[in-house]
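Enquirer: pasting the structure only:
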């Protein structure tokens, strides 16, 4: 099926689900992307300066552009929108295309989390009817469960924040767990140096900026680090709990049972109801539905339910859909209040 023909059929399918089509700008201010994704992401974007010296870039992600549109136009309430177009992003894999043809749809200002999560998944499933595939897998995860688990563990607050913040960076996250196990990052000499720096900065102007941060902010972090040291004896056990949690993978109808069995084993005061998940059937259309605690690490801005759909096309398993909930994204981009949102996108290149 030709790309244009396929695209038109998917767009028509999404429209029948009550979504409104919108156009998105191809060029945005680079600081929106860097602020949200970090300086490390700069190497993946195509940036340039305008005649006034402002740094602009080709959109590397349509979801962020859509959320910026909602924010800058001061929209309020629930909005169901969809769009299509190209995203431009460099890749470490030279075989990957720098141009990604995508169709995305979102519910911004989502009022009913469970219903809207389910609607996004159902919209994805309906559009799949335009593809001839033999079988596939719908994988569900939930970043919220991971973050709640971390909040219950017996480690200092700064370590809880660190592990939650870097969940999406798998390699670095695993390195953090090693440091947690061995206590290798706690150097008595460095601790003493930190204390001296702390007391010296107390005498300086709190509004002064050092390396992009105010002295007041630096003092706050130092204060937590000095007053909230990590107990070495807890590191190995906490790391073990996290690693075992991230190995949980099962048919979706067993997700609550497996999670609750894990929480009970480690005496963690958490209980998950099977109704928490947007789907409980192990088979939807031609897709097997599985739950995985380690899934959801591909994008930093996900906060809750995450999913992907892989299908078998011409004897090859291909990732078609990725989506999830991102309740903090619009506030991270500058909104004074949190605006919940959930969405998904199909990569037509695949």
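Expert: Structure received. Bear in mind that the values here come from a model prediction, so they are computed numbers and not experimental data.
Enquirer: what residue in the protein is the furthest from its centre?
Expert: Centroid-distance maximum for the chain: residue 203 at 39.6 Å, with C-alpha atoms, centre = their mean.
Enquirer: tell me the pLDDT at it?
Expert: If you check residue 203, the pLDDT there is 74.
Enquirer: one more: the one 4 residues further on?
Expert: You'll see residue 207 listed with a pLDDT of 73.
Enquirer: wait, a helix at it?
Expert: No. Judged by DSSP: H, G, I helix; E, B strand; the rest coil, residue 207 forms no part of a helix; its state is coil.
Enquirer: that one contacts residue 218, correct?
Expert: No. If you go by C-beta atoms under 8 Å, residue 207 and residue 218 don't touch, sitting 11.8 Å apart. For the C-beta atoms, the positions are set from N, CA and C on the backbone; glycine is no exception.
Enquirer: so these two - more neighbours on which side?
Expert: residue 218 (19 against 8; other C-beta atoms under 10 Å).
Enquirer: list the contacts of that one.
Expert: Residue 218 makes contact with 201, 210 under the criterion C-beta atoms under 8 Å, 6 or more residues apart in numbering.
Enquirer: in which helix or strand does it reside?
Expert: helix 215-227 (DSSP states H and E).
Enquirer: do the same with residue 320
Expert: Using DSSP H and E, the element containing residue 320 is strand 316-325.
Enquirer: with residue 343 instead?
Expert: strand 341-347.
Enquirer: helices along this structure, start to end?
Expert: Using DSSP state H, the helices found in the chain span residues 3-15, 30-37, 62-72, 113-127, 143-152, 157-165, 170-182, 188-201, 215-227, 232-245, 255-265, 329-332.
Enquirer: got the phi/psi numbers for the residue farthest from the centre of the chain?
Expert: According to degrees, to the nearest 10, the main-chain angles of residue 203 amount to phi -90, psi -10.
Enquirer: what of residue 286?
Expert: Torsion angles, degrees, to the nearest 10, at residue 286: phi -100, psi 20.
Enquirer: how many residues are close by it?
Expert: Residue 286: 13 neighbours (other C-beta under 10 Å).
Enquirer: quick check, pLDDT for the residue nearest to it when sequence neighbours are not counted.
Expert: For residue 286, ignoring the flanking residues on the chain, the nearest one in space by C-beta to C-beta, 6 or more residues apart in numbering is residue 135 at 5.3 Å. For residue 135, the model assigns a pLDDT of 91.
Enquirer: in this structure residue 135 contacts residue 285, no?
Expert: No. The pair residue 135 / residue 285 is not scored as a contact, 9.8 Å apart, by C-beta under 8 Å.
Enquirer: okay, now the unreliable bits of the stretch 251-350 of the chain?
Expert: 298 (pLDDT under 70).
Enquirer: switch the cut-off to 80
Expert: 297-300, 313-314, 350 (pLDDT under 80).
Enquirer: so what's the residue count around the closest residue to residue 141 other than its chain neighbours?
Expert: Once flanking residues are discounted, residue 141 sits nearest to residue 295: 3.5 Å by C-beta to C-beta, 6+ apart. Using other C-beta under 10 Å, residue 295 has 19 other residues around it.
Enquirer: run through the residues that contact residue 295.
Expert: Contacts of residue 295 by C-beta under 8 Å, 6+ apart are 139, 140, 141, 306, 308.
Enquirer: next one: residue 254
Expert: residue 291.
Enquirer: distance of it relative to residue 118?
Expert: 19 Å (C-beta to C-beta, to the nearest Å).
Enquirer: count of residues packed around residue 336?
Expert: 7.
Enquirer: do the same with residue 90
Expert: 12.
Enquirer: can you tell me the centre-most residue of this structure?
Expert: Nearest residue to the geometric centre of the chain (C-alpha atoms, centre = their mean): residue 302, 2.7 Å.
Enquirer: ramachandran angles for it?
Expert: phi -70, psi 140.
Enquirer: from memory residue 317 sits against residue 308, does it?
Expert: No. Contact between residue 317 and residue 308 fails when scored by C-beta under 8 Å: they sit 11.6 Å apart.
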